[in-house]
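Undergrad: Show me how the following folds:
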Amino acid sequence: MMEPDRTGRQVFMVGRGGQGILLLAKALAELASRKGMKVITSETHGMAMRGGTVTASLKIGSYMSPLIPAGSADMLIGLEESEAQDHLHMLRPGGVSVVNAPQQGPFDFTVDATGRALEMGSPGSVNMIVLGLAASILGFTLPEIRTVIQEISPEKFVSKNIEGVEAGFDSRESKSH
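TA: This is a model prediction of the structure:
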């Protein structure tokens with residue numbers, strides 16, 4: 001779990017169009033909101049329909065603006081390894097990266113979400129696997145995450161999304177600092 005912070009959390013998320021960044025951001029925002037925390041979100045779509053970069057920002061706490069300046073994110077969540085690499089500059093010193101990647105590389109926490117999603121027979125579950133890992137690091141419980149996913153997922157994807165969250169929740173593979 002990330003160290004306690006009196007002022008809040010800034011979470012920057014990045015992926016490519018169609019990977020489910022917006023659902024991931026919605027889930028994290030809902031989790032924080034249900035704990036009584038103030039939440040501000042923002043997203044950019046760009047060329048999302050053509051596989052372009054999609055980003056979302058989530059601020060938990062007493063913030064005035066939804067945008068996260070470079071070098072100030074507490075957590076970077078990457079659904080795609082090269083996009084995460086390109087956005088490492090968003091992290092503050094001591095910030096934590098949580099990335100879908102087959103190997104640790106320069107990241108703090110990784111999970112081969114693509115590989116696990118394919119093993120599950122659900123290639124669209126990459127975002128939920130990464131969500132499970134990120135939410136566990138942020139200190140949310142698996143029952144809390146299951147409840148939110150059940151409520152915000154399209155009905156036909158609920159069971160696969162919950163399976164994905166469960167797969168990611170306990171998959172921590174951290175390199176020591």
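Undergrad: pull the longest helix from this protein.
TA: helix 21-34 (DSSP state H).
Undergrad: strands paired with the helix or strand of the chain with the lowest mean pLDDT, and their directions?
TA: Ranked by mean pLDDT, DSSP states H and E, the helix or strand of the chain with the weakest confidence is strand 39-44, at a mean of 87. Its sheet considered, strand 39-44 pairs with strand 53-61 (antiparallel) by DSSP bridges.
Undergrad: relative to helix 21-34, how tilted is the partner strand?
TA: 10 degrees (axes from the mean of the first three to the mean of the last three Cα atoms, to 10 degrees).
Undergrad: what comes up buried for strand 53-61?
TA: The neighbour-count check on strand 53-61 (16 or more other Cβ atoms under 10 Å) flags Thr53, Val54, Thr55, Ala56, Ser57, Leu58, Lys59, Ile60 as buried. The C-beta positions use only the backbone N, C-alpha and C, and glycine is treated the same way.
Undergrad: so the second one bridges to which residues?
TA: Same thing as Val54. Beta-bridge partners recorded for Val54 (DSSP bridges): Gly15.
Undergrad: before we move on, back to that, with just CA atoms, put the least confident helix or strand of the chain into PDB.
TA: This file holds the C-alpha atoms of strand 39-44, laid out as PDB (Å, rounded to 0.1, in the frame of the first residue of the first chain):
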ATOM      1  CA  VAL A  39     -12.700  13.200  -6.400                       C
ATOM      2  CA  ILE A  40     -11.900  15.200  -9.600                       C
ATOM      3  CA  THR A  41     -11.400  13.400 -12.900                       C
ATOM      4  CA  SER A  42     -10.300  14.500 -16.400                       C
ATOM      5  CA  GLU A  43      -9.600  12.700 -19.600                       C
ATOM      6  CA  THR A  44      -8.200  13.200 -23.100                       C
END
